[in-house]
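[1] what would the 3D arrangement of this be:
(4 chains)
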2 protein chains.
Amino acid sequence: MATRMLSSGDTDRTAHCAVLPESLRHSAAASALLAIGDYAQLAKGEALAGDPAQDRFVYILSGAAKLVAPPCPSDESGGTGQVLAFHFPGDMIPVLRPRDCDFRLIALTDCQVVAFPTDRFFDIAEGDPAILRWVLTSSLQALHRSRHRMMQLGHKSARQRIADFLVSMAERMSDARSRTCRIILPMSRRDIGESLGLTIETVSRQFTELRDAGLIETRGRSHVRLLDVPALAQVAGQTCHLGSVQHI
Amino acid sequence: MATRMLSSGDTDRTAHCAVLPESLRHSAAASALLAIGDYAQLAKGEALAGDPAQDRFVYILSGAAKLVAPPCPSDESGGTGQVLAFHFPGDMIPVLRPRDCDFRLIALTDCQVVAFPTDRFFDIAEGDPAILRWVLTSSLQALHRSRHRMMQLGHKSARQRIADFLVSMAERMSDARSRTCRIILPMSRRDIGESLGLTIETVSRQFTELRDAGLIETRGRSHVRLLDVPALAQVAGQTCHLGSVQHI
DNA sequence: CATCCTCATTGATCCCGATCAAAGACAGCG
DNA sequence: CGCTGTCTTTGATCGGGATCAATGAGGATG
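    Below you'll find the predicted structure:
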């Protein structure tokens, strides 16, 4: 669980080239940003070291990661704590300093990230409103996803949560908008459970039941084929129970 | 549930004066912003009309409001749907256009709000980085609260959720950091339940049990006196708050 | 004041998902 | 290959909170 940081002067061009969306990469401010980023390569399971001195933005270049809240001291189920969000390449993630709130970013697969201290980021980004706007938009998207997740945790059944999880993963990972699609889950059942407020046993049972219902197929631990995305979305959205159609 | 909008040309000075934090109010951009805001007075229970044409930022001048997600079509328990957040004066709330996501802002008490179309807001705010920065900070705060709430909904008991709710309301509404404090809840038991993923019965039972435990006193429907804030925080699970200094 | 209506409290019962327990599946490695 | 540890699946039981049902408490209005 050690953390390896590459210096700002790292010359990995492939990383540098993908730091910002294409449209934002050609300004003086963008160049300045690329210079202050801390580039890091995280191995699967590694946590990004939270900088106690300051809040940061972390940009994901490649791989996948989870943002986790620390488990309560009492709880020792072996997990890493509540998973607040999963993140993929292109995501810009606000990570507060540990003092204010100890959320950690943990790699689900080997991945490359860039961390920007928010203060210096702002100082530079102020020279390029397009970048500020982009960051704000990213944050609003994150807020939107967070609220959507809250809605689920609030009053959705296990079945609904799993169905919605699968659909939203499909939306983020495969660009196909077809009726069926194949996804490879980079996270464990435990991660899924901790992000949805369910136990691994319940997650597993729901996968089984969705398979029995003909909505998904699974191969190995992480390959899932969604056989009927609209139907899954339906399950995620409405039905408060499974088969029974009671309250019209 | 109608909505009354005041024109941009409205001359209510008290409203204008409080639109932005003192420190941001003295720039050309700030003046321009004040001019494009749509000022509205909402009566208790009224919803802010979502503008189908564009996303907006809504700033609360006075009163209190809740941000709600629409209830699932099937569910008809009489509620307004999942409460995503409560908001108070000084909060800047991103509200997406109904087409993308039908979240509505509903007044808990009579309240005054100002709505800014995000596009025009950005165009103007780009001239004043301090304002952009302030909006971004607000959004990050909202994201942080949303994640904190998610953590609760994820795996906290009814007791813990209610205790945390009371403590966080105390933090936001009373500036006292004393052991005891008095708060007046502008929201109903139903609102509380819908924001915490609990039923009104459970909320009521938890209030009763906290009263029996000597942690709170209640008078009428909305007056609550917290008799031992630290103890309540303890009950809540003492996760992300100040006291604990663990990892170095 | 009496009436109406919404909101809040209390009680009884039920069910979904947590918990406890054990047996597979899969990967890494000698 | 067999061994080992982790992850996943399946089964059995239990409990917290939802649900159903009824009563009580405010708050408005005439």
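
[2] so what's A:L105 up against?
    A:A47, A:L48, A:V58, A:A65, A:K66, A:L67, A:V68, A:H87, A:I93, A:V95, A:V113 (C-beta atoms under 8 Å, 6 or more residues apart in numbering or on different chains). The C-beta positions use only the backbone N, C-alpha and C, and glycine is treated the same way.

[3] quick one: secondary structure of it?
    State at A:L105, reduced to three classes by DSSP: H, G, I helix; E, B strand; the rest coil: strand.

[4] for it, which non-adjacent residue is spatially closest?
    Using C-beta to C-beta, 6 or more residues apart in numbering or on different chains and skipping the chain neighbours, the partner closest in space to A:L105 is A:L48 (4.3 Å).

[5] wait, the one you found sits on A:F103?
    No: judged on C-beta atoms under 8 Å, A:L48 makes no contact with A:F103 at a distance of 10.4 Å.

[6] who touches both of these two?
    With C-beta under 8 Å, 6+ apart, A:L48 and A:F103 have common neighbours A:V95.

[7] any part of the longest helix along chain A near chain B?
    If you go by DSSP state H, chain A has its longest helix at helix A:129-155. Yes: applying C-beta under 8 Å from any C-beta of the partner chain, one finds helix A:129-155 in contact with chain B at A:129, A:132-133, A:135-136, A:139-140, A:142-144, A:146-147, A:149-151, A:153-155.

[8] list the buried residues for that helix?
    A:129-136, A:138-140, A:142-155 (16 or more other C-beta atoms under 10 Å in any protein chain shown).

[9] and for the residue nearest in space to the middle of chain A, nearest residue in space, chain neighbours not counted?
    Residue closest to the average C-alpha location in chain A (C-alpha atoms, centre = their mean): A:F86, at 1.7 Å. Leaving out its chain neighbours, the residue that sits closest to A:F86 by C-beta to C-beta, 6+ apart is A:K66, at 5.5 Å.

[10] and the one you found, how many residues sit next to it?
    22 (other C-beta atoms under 10 Å in any protein chain shown).

[11] do A:A53 as well
    11.

[12] and it, helix, strand or coil?
    coil.

[13] do the one 4 residues further on as well
    Classification of A:F57 into helix, strand or coil gives strand, according to three-state DSSP.

[14] how about it: which residues does it bridge to?
    Listed beta-bridge partners, A:F57: A:P94, A:F116 (assigned using DSSP bridges).

[15] so it makes contact with A:H87?
    No: in this structure, A:F57 is not within contact of A:H87 by C-beta under 8 Å, at 12.0 Å.

[16] now for these two: what residues contact both?
    With contacts defined as C-beta under 8 Å, 6+ apart, the residues shared by A:F57 and A:H87 are A:I93.

[17] about what we covered before: quick one: is the helix or strand harbouring the residue nearest to A:F86 near DNA strand D?
    Assessed by DSSP states H and E, A:K66 sits inside strand A:65-68. No: using C-beta under 7 Å from any atom of the strand, strand A:65-68 never reaches DNA strand D; the gap is at least 13.1 Å.

[18] ok, back up a step: tell me the contacts of the residue nearest to A:L105?
    Applying C-beta under 8 Å, 6+ apart, the residues near A:L48 are A:T3, A:A40, A:L42, A:V58, A:A65, A:V95, A:R104, A:L105, A:I106, A:A107, A:V113, A:A115.

[19] of the buried residues of helix A:129-155, which ones also sit close to DNA strand C?
    Within the buried residues of helix A:129-155, nothing lies near DNA strand C by C-beta under 7 Å from any atom of the strand.

[20] for A:M187, give its distance to A:R159.
    19 Å (C-beta to C-beta, to the nearest Å).

[21] now swap in A:A69 and tell me
    25 Å.

[22] shaky segments in chain A?
    A:1-19, A:71-79, A:100, A:175-176, A:238-248 (pLDDT under 70).

[23] can you name the residues of it sitting close to DNA strand D?
    A:188-190, A:200-201, A:203-205, A:207-208, A:218, A:221-222.

[24] top of the residues you listed by neighbour count?
    Most surrounded of those: other C-beta under 10 Å gives A:V203, at 23 neighbours.

[25] so what secondary structure elements neighbour the helix or strand where that residue lies?
    Taking DSSP H and E as the definition, one finds A:V203 inside helix A:200-212. When contacts are defined as 3 or more C-beta pairs under 8 Å, 6 or more residues apart in numbering or on different chains; DSSP states H and E, helix A:200-212 packs onto helix A:158-173, helix A:189-196, strand A:216-219.

[26] of those, which is nearest DNA strand C?
    helix A:158-173 (3.5 Å; C-beta to the nearest atom of the strand).

[27] quick check, the closest one touching chain B?
    No: on the criterion C-beta under 8 Å from any C-beta, helix A:158-173 is out of touch with chain B, staying 9.2 Å away.
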